[in-house]
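Engineer: Requesting a structural model of the entry that follows:
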Amino acid sequence: MEFVIRMQIQRQPEGVYLATSEDLPGLVAQGRTAAEALEIARDVASRLIEARREREGRVTVPAVAERTECTIPVGG
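Structural biologist: Residues are numbered from 1 along each chain as shown. Okay, here's the model as predicted:
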């Protein structure tokens, strides 16, 4: 099953980019560029969703068909 989650990507004072998501608590990823942070965040999200599925037997992140929009703000 494919999921769509909203992510926030912010440039930090140190020059790195930090990706987080209110849709998926625990998702935190850092990269040298916004694209790298997003790529890492996708991997982290997949692992978090799989861990939640194994632990709880279900996933509460809305599926693609249930979303009407996806917003990824990019700072910089």
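Engineer: mind listing what's buried in the one helix or strand Ala51 maps to?
Structural biologist: If you go by DSSP states H and E, Ala51 is part of helix 34-56. Going by neighbour count (16 or more other CB atoms under 10 Å), the buried part of helix 34-56 is Ala34, Ala37, Leu38, Ile40, Ala41, Val44, Ala45, Leu48, Ile49, Arg52. All C-beta spots, glycine's among them, are computed from the backbone N, C-alpha and C.
Engineer: burial count for Ala19?
Structural biologist: When counting by other CB atoms under 10 Å, one arrives at 25 neighbours for Ala19.
Engineer: what pLDDT does the closest residue to it other than its chain neighbours get?
Structural biologist: Ranked by CB to CB, 6 or more residues apart in numbering and with sequence neighbours excluded, the top spatial neighbour of Ala19 is Ala41, at 3.9 Å. With respect to pLDDT, Ala41 scores 94.
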